[in-house]
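Visitor: take this sequence and fold it.
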Amino acid sequence: MSSENVQTKWGQFISLIIVFFFWGFVGSANDILIPVFKKVFTLSQVQSQLVAWAFYAAYFVGSIIFFLVSLKSDVLQKFGYKKTLSAGLLLSAFGSFLFVPAATMQSFPFFLTALFTVGLGFSIQQIVANPLAIKMGSPETGAHRLTLAGGVNSFGTTIGAILLGIALFGMGDNKKTNLSLEDIKLPFIILGLAFIIVAIFMYFSKIEDPAKIEEAQIEHKHASFNILDYPQLYLGMLGIFIYVGTEVTIISNLPALLHTSEFGNILEDAIAPFIALYWGSLMIGRWNGGVNVFNTSNLVNTALKFIVPALAFGVIIGANIFAAHDVSAFYIYPIWILLFIAVSFVGGKNAGKTLMLFGISGLLMMVLGLVWPDPSIAKFFFISGGLFLSIMWPSIFDLAIAGLGKNTGKASSFLIMMILGGGVIPLVQGSICDLDATNPNGIFGITYTHFSYIVPLLGFAYLAFYGFYCPKILKKQGVSHIISEGGGH
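Guide: Below you'll find the model as predicted:
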């Protein structure tokens, strides 16, 4: 490897991946807030899913605004990556501080406004940070850096639920089940201050601004571009919409499922370990996918495919034990991890094949979760959806932008807009859950809340179809097959 290839600026890159950690931290914090708000404000399940809606709709709105402003004057060219990223962090800090008056006024719409503001800041950060991670060093190692950042993002989601659970409910013998909205203030004040510190650090950091380097390369900016010319892109946009929606809906409706008598009446204060296991499953998958980016011998690569997921599972168990949670029920979960590892070996580095196999596997997990007679096992089939979703993002992204050449940047912004699925699909599943209120006998011998997992089942079905069909589209266009690096959004 030549010297110019080794110039990953680690000091700068580490400061950037803190931003990826925040995205994950707040994403899983939402899953703690959903059952809390549902109880405090006596909401229906579909109303409680407005938490996910407010957060993920902000990504869509933020991307649209960014896109429209950039048509007139390119934001990144005008202000640079550093300033734009810092502005996004400050907007998220402002949103975090809005949780204080929202808690004082005990207003659910105010909480949603605060979350929307945090998400709006995140949309700006996403648009900037993903390409910046790729450009912080040699192009050859760009995808590797994004994979590493994705793994840090998943670490944030895994411990975010546990830390917020401790902050709100305490731990061990001091644990409380009744929550006051006042308890929400301090964690979000701390989060807001952390955003400001990172924004200041980013602003004054010595990160070289790729926007300045790119100025000479934007003569094609106004080239005509028709989405309908690229079936891989518009089907991929639907793929991102369904992928994020499926990822969010499985977990944001899980507290309602575990709260049913069928699944053991698990209360809000005991939900954090399950949320941590779900997001930890995405971490296991992304760390496992990250092994592919290192140039190791086949023997070392194979060994790492087992060792890395074991370490990630150890992190999940360790964090829960630290929080004094009983995780004895989780010791069966390595069965699902081994199944995931087996499928990842078959998929290899082929994006289409990987996406199809993981889609089929996730679909089977949802079917088994619906029909398995023992709820203590059935819930793990649903949670394992996180494993099979974990490395789909880069596969969908790779396939969707394949063959787009100079239009890749525009295509990427359209794909980021589709994160909106994380706000829409949980509302669909939540509305099915609410049928239990008027139909207590359920359907097919199970509650509607249990049956609602037909929604992620259909999501996995589409993702499997896209993985199967997209390579055929690319072949017709003469685009060579795509290799996936494994990672996460």
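
Visitor: go through the chain and flag its longest helix.
Guide: Identified as the longest helix of the chain according to DSSP state H is helix 10-40.

Visitor: now do the very next helix or strand once past that helix: which elements does it pack against?
Guide: The helix or strand immediately downstream of helix 10-40 is helix 45-48, counting by DSSP states H and E. Judged by 3 or more CB pairs under 8 Å, 6 or more residues apart in numbering; DSSP states H and E, helix 45-48 is in contact with helix 10-40, helix 421-433. Every C-beta, even on glycine, is put in place using the N, C-alpha and C of the backbone.

Visitor: and the contacts of the shortest one?
Guide: Looking back up the chat, that one is helix 421-433. Contacts with helix 421-433, where a contact means CB atoms under 8 Å, 6 or more residues apart in numbering, come from 44-50, 52-57, 59-60, 240-249, 252-253, 256-257, 448-449, 451-456, 459.

Visitor: just the buried ones from these, in PyMOL syntax?
Guide: Applying 16 or more other CB atoms under 10 Å to the contacts of helix 421-433 leaves a buried subset, and the PyMOL line that selects it is:
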select buried, resi 45+46+47+48+49+50+52+53+54+55+56+57+59+60+240+241+242+243+244+245+246+247+248+249+252+253+256+257+448+449+451+452+453+455+456+459
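
Visitor: check the helices and strands packed on helix 45-48 for me: which has the lowest mean pLDDT.
Guide: Per-stretch mean pLDDT for the helices and strands packed on helix 45-48 is lowest at helix 10-40 (a mean of 80).

Visitor: if you count neighbours, what's buried in stretch 278-298?
Guide: With burial defined by 16+ other CB under 10 Å, the residues of stretch 278-298 counted as buried are 278-293.

Visitor: ok so, going back, got the angle for the longest helix of the chain vs helix 421-433?
Guide: Comparing the axes of helix 10-40 and helix 421-433 via axes from the mean of the first three to the mean of the last three CA atoms, to 10 degrees yields an angle of 20 degrees.

Visitor: tell me the most buried of the helices and strands packed on helix 45-48?
Guide: helix 421-433 (a mean of 24; mean count of other CB atoms under 10 Å).

Visitor: strands of the stretch 351-489 of the chain, start to end?
Guide: Remark: strands of the stretch 351-489 of the chain are absent; assignment by DSSP state E, counting those that start in this stretch.

Visitor: pLDDT below threshold where in the stretch 1-150 of the chain?
Guide: Low-confidence segments of the stretch 1-150 of the chain (pLDDT under 70): 1-11, 73-74, 76-77, 131, 134-147.

Visitor: 80 instead, please
Guide: For the stretch 1-150 of the chain, the stretches with pLDDT under 80 are 1-17, 27-28, 31, 67, 69-81, 127-150.

Visitor: break down it into its strands, ranges please.
Guide: According to DSSP E, counting those that start in this stretch, the stretch 1-150 of the chain contains no strands.

Visitor: how about the helices in it?
Guide: Counting by DSSP state H, counting those that start in this stretch, one finds helices in the stretch 1-150 of the chain at the ranges 10-40, 45-48, 50-72, 75-97, 99-105, 108-135, 142-169.

Visitor: as a markdown table, the ones you listed with distance to residue 378 would be great.
Guide: Below are the helices of the stretch 1-150 of the chain laid out as a markdown table (distance: least, CB to CB, whole Å):
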| stretch | distance to residue 378 |
| --- | --- |
| helix 10-40 | 19 |
| helix 45-48 | 19 |
| helix 50-72 | 23 |
| helix 75-97 | 36 |
| helix 99-105 | 35 |
| helix 108-135 | 31 |
| helix 142-169 | 21 |
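
Visitor: of all these, which lies closest to residue 304?
Guide: Ranking the helices of the stretch 1-150 of the chain by proximity to residue 304 (CB to CB) places helix 142-169 first, at 13.3 Å.

Visitor: for the helix or strand following that closest one, packing partners?
Guide: Remark: after helix 142-169, the chain's next helix or strand is helix 185-204, criterion DSSP H and E. Using 3+ CB pairs under 8 Å, 6+ apart as the contact test, the elements touching helix 185-204 are helix 10-40, helix 75-97, helix 99-105, helix 142-169.

Visitor: so which elements touch the last one?
Guide: When contacts are defined as 3+ CB pairs under 8 Å, 6+ apart, helix 142-169 packs onto helix 10-40, helix 108-135, helix 185-204, helix 272-290, helix 298-322, helix 392-401.

Visitor: can you check the second one too?
Guide: For helix 75-97, the contact count by 3+ CB pairs under 8 Å, 6+ apart identifies helix 10-40, helix 50-72, helix 108-135, helix 185-204, helix 210-214 as packing neighbours.

Visitor: any chance of these in JSON lines with distance to residue 233 as columns?
Guide: Below are those laid out as JSON lines (distance: least, CB to CB, whole Å):
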{"stretch": "helix 10-40", "distance to residue 233": "24"}
{"stretch": "helix 50-72", "distance to residue 233": "15"}
{"stretch": "helix 108-135", "distance to residue 233": "17"}
{"stretch": "helix 185-204", "distance to residue 233": "31"}
{"stretch": "helix 210-214", "distance to residue 233": "22"}
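
Visitor: what's the closest of the ones you listed to residue 338?
Guide: helix 10-40 (24.6 Å).

Visitor: convert the C-alpha atoms of stretch 154-161 to PDB, please.
Guide: Below are the C-alpha coordinates for stretch 154-161, written out as PDB (Å, rounded to 0.1, in the frame of the first residue of the first chain):
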ATOM      1  CA  SER A 154     -24.900   0.700  16.200                       C
ATOM      2  CA  PHE A 155     -22.900   0.800  19.500                       C
ATOM      3  CA  GLY A 156     -24.700   4.100  20.200                       C
ATOM      4  CA  THR A 157     -28.100   2.500  19.600                       C
ATOM      5  CA  THR A 158     -27.200  -0.500  21.800                       C
ATOM      6  CA  ILE A 159     -26.100   1.400  24.900                       C
ATOM      7  CA  GLY A 160     -28.400   4.400  24.300                       C
ATOM      8  CA  ALA A 161     -31.500   2.400  25.500                       C
END
